[in-house]
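> following is a predicted model, sequence given first.
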Amino acid sequence: MNVEFDFTDRVALVTGASGVLGSAVARAFDAAGATVAAADVVEPDEDDDFFQLQRVSFYEGDFTDEPSVEAVVEAVIADHGEIDFLANIAGTWKGGTPLHDTDVETFDFLFDVNLKTMFLASKYAIPSLRETEGAIVSVSARSSLEGGEGDGIYRASKAGVRLLTETIAEEHRGRIRANAVMPSVIDTPANREMMPDADFDRWVTPEEIAQTVLFLCSDAAAATSGAAVPVYGEA
């Protein structure tokens, strides 16, 4: 089954756009006709075809820093007039040690990159999203549904994303839809290198997650807000 989305004349802000998942989401919005504001703390590689995509503009900004986020959102609105969709894709994983051996720098890092970026981007995009009656989609994680050995801080930060998503949905009921996607292991080069003996065919691809993000922004999901949507692939 082929599904097509038409986001012509709509503006999507995608954070973490230089990463594997963020770039897949930006490309999917571009393919659907949206104007894409692709934001990240670092520009994509020079040989990345981002710069050949017709409707994608890059905005450099540190989304863990409030003034930087405010400046990027203001620039996007100045350039394009509004924000219709916010895709909070910025995030990372770090683990491998039990809680009592985890340093506070790891705690700060994961909560900054996974949760603070989502909070700040949402905070500054919400006024425009209320005007456009838009949608926010953020990235939580399957593992945030329970505790686990070695990556408890990561799980806690992603649980926070899910809870803030529910809060936004409740606070802006009828004006903004807010949902989260819940990946298991994403099929990325870094994960393949980390787990070389895994069955990669069972993992969810960035492109599959991107299609779910677009669905949650579309009119087809008009009745859905405050949800945590599994995107597990076959894992």
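Looks like it arrived, so ask away. Numbering: from 1, shown residues only.

> ok, then the element right after the lowest-mean-pLDDT helix or strand in the chain?
Scoring the helices and strands of the chain by mean pLDDT, DSSP states H and E places helix 189-194 at the bottom, with a mean of 85. Following helix 189-194 in sequence order, the next helix or strand is helix 206-217 (DSSP states H and E).

> what's that next one packed up against?
helix 20-31, strand 85-88, strand 135-139, strand 177-183, strand 228-231 (3 or more C-beta pairs under 8 Å, 6 or more residues apart in numbering; DSSP states H and E). All C-beta atoms are positioned from the backbone trio N, CA, C, and that covers glycine.

> which residues touch that helix?
With contact meaning C-beta atoms under 8 Å, 6 or more residues apart in numbering, helix 206-217 is reached by 3, 5, 7, 12, 20-21, 23-25, 27-29, 32, 84-85, 87, 134-135, 137, 177, 179, 181, 183, 186-188, 221, 224, 227, 229, 231, 233.

> what do you get if the cut-off is 7 Å, keeping everything else the same?
Residues from elsewhere that reach helix 206-217 (C-beta atoms under 7 Å, 6 or more residues apart in numbering): 3, 5, 20-21, 24-25, 28-29, 32, 85, 87, 135, 137, 179, 181, 183, 186, 188, 221, 224, 229, 231, 233.

> would you turn the helices and strands packed on helix 206-217 into a markdown table with mean neighbour count?
Below are these laid out as a markdown table (neighbours: other C-beta atoms under 10 Å):
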| stretch | mean neighbour count |
| --- | --- |
| helix 20-31 | 24 |
| strand 85-88 | 30 |
| strand 135-139 | 28 |
| strand 177-183 | 26 |
| strand 228-231 | 18 |
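
> and the angle for the longest helix anywhere in the chain with strand 177-183?
Longest helix in the chain by number of residues (criterion: DSSP state H): helix 152-171. Put simply, helix 152-171 runs at 160 degrees to strand 177-183, going by axes from the mean of the first three to the mean of the last three C-alpha atoms, to 10 degrees.

> returning to that earlier point: in the least confident helix or strand of the chain, what's buried?
Buried residues in helix 189-194, counted by 16 or more other C-beta atoms under 10 Å: N191.

> show me what it is in contact with.
Counting by C-beta under 7 Å, 6+ apart, 185, 200 sit against helix 189-194.

> hey, C-alpha coordinates of that helix in CSV?
The C-alpha trace of helix 189-194 is given here as CSV (Å, rounded to 0.1, in the frame of the first residue of the first chain):
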residue,chain,number,x,y,z
PRO,A,189,24.9,2.8,10.8
ALA,A,190,25.9,3.5,14.4
ASN,A,191,23.5,0.8,15.8
ARG,A,192,24.6,-1.7,13.2
GLU,A,193,28.2,-1.1,14.3
MET,A,194,27.2,-1.4,18.0
